[in-house]
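J.: I need the structure of the sequence given here:
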Amino acid sequence: MATYVKYESAIEQIANKIMDVFGNQDTFRAAIHTDAPTVATDTVLADITQIGASNGYPGTNNITFNSSRTGATITATAADVTWTATGGNLGASTTGRYIAIYDDTPAAPLDPLLSDYDYGSTFTVADTETLLLDFGATFWTLA
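T.: Now for the predicted structure:
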């Protein structure tokens, strides 16, 4: 199971109404990358090194999620994301280790980072194999 970590700037982006995490106006996406997230200083997608788009990896994938409020707590749930390698290793033989979640909607800052999943070691998704980003019962909670 991957370890979830939140980028520190995400809370500021939510408070400043840059990221719409409660409505359905913003498009959130998942990106596979190779470098360890620096949660204190990485703020946008350009701060991380993504694997190349090829062999079933389009570069990023949309995330379908929904948020609800109970009392003073907002809980987000999300549909799992699956990538299937076709014609070779996912991302052209490049290994990944992390999957970043970012908001693709704001223009400034462009593509702010929300969170990251660390799989603990590098992985390669061989031809015809799949990689599942499993959000579990709760994607994240804000209280």
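J.: who does the lengthiest strand in the chain pair up with?
T.: Here the longest strand in the chain is taken by residue count, with DSSP state E as the criterion, and it is strand 113-123. Strand 113-123 pairs in its sheet with strand 3-6 (antiparallel), strand 96-103 (antiparallel), by DSSP bridges.
J.: Out of these, the one nearest residue 35 is which?
T.: With C-beta to C-beta as the criterion, residue 35 lies closest to strand 96-103 of the strands paired with strand 113-123, at 7.5 Å. All C-beta spots, glycine's among them, are computed from the backbone N, C-alpha and C.
J.: excluding its backbone neighbours, what's nearest residue 73?
T.: By the measure of C-beta to C-beta, 6 or more residues apart in numbering, the closest residue to residue 73 outside its immediate chain neighbours is residue 143, 4.4 Å from it.
J.: got a list of what the one you found touches?
T.: If you count contacts by C-beta atoms under 8 Å, 6 or more residues apart in numbering, residue 143 has them with 72-74.
J.: from those residues, which is closest to residue 17?
T.: Distances from residue 17 to these, taken as C-beta to C-beta, are shortest for residue 74 (14.2 Å).
J.: pLDDT score for that closest one?
T.: pLDDT recorded at residue 74 is 91.
J.: Near it, how many other residues are there?
T.: A total of 16 residues lie near residue 74 under the criterion other C-beta atoms under 10 Å.
J.: Now it: which helix or strand?
T.: strand 73-78 (DSSP states H and E).
J.: Tell me both backbone torsions, phi and psi, for the closest residue to residue 87 other than its chain neighbours.
T.: Closest residue in space to residue 87, ignoring its immediate chain neighbours: residue 55 at 5.0 Å, by C-beta to C-beta, 6+ apart. Summarising the backbone geometry of residue 55 under the convention degrees, to the nearest 10, its torsions are phi 50, psi 40.
J.: Please report the distance of residue 55 from residue 130.
T.: Distance of residue 55 to residue 130, given as C-beta to C-beta, to the nearest Å: 12 Å.
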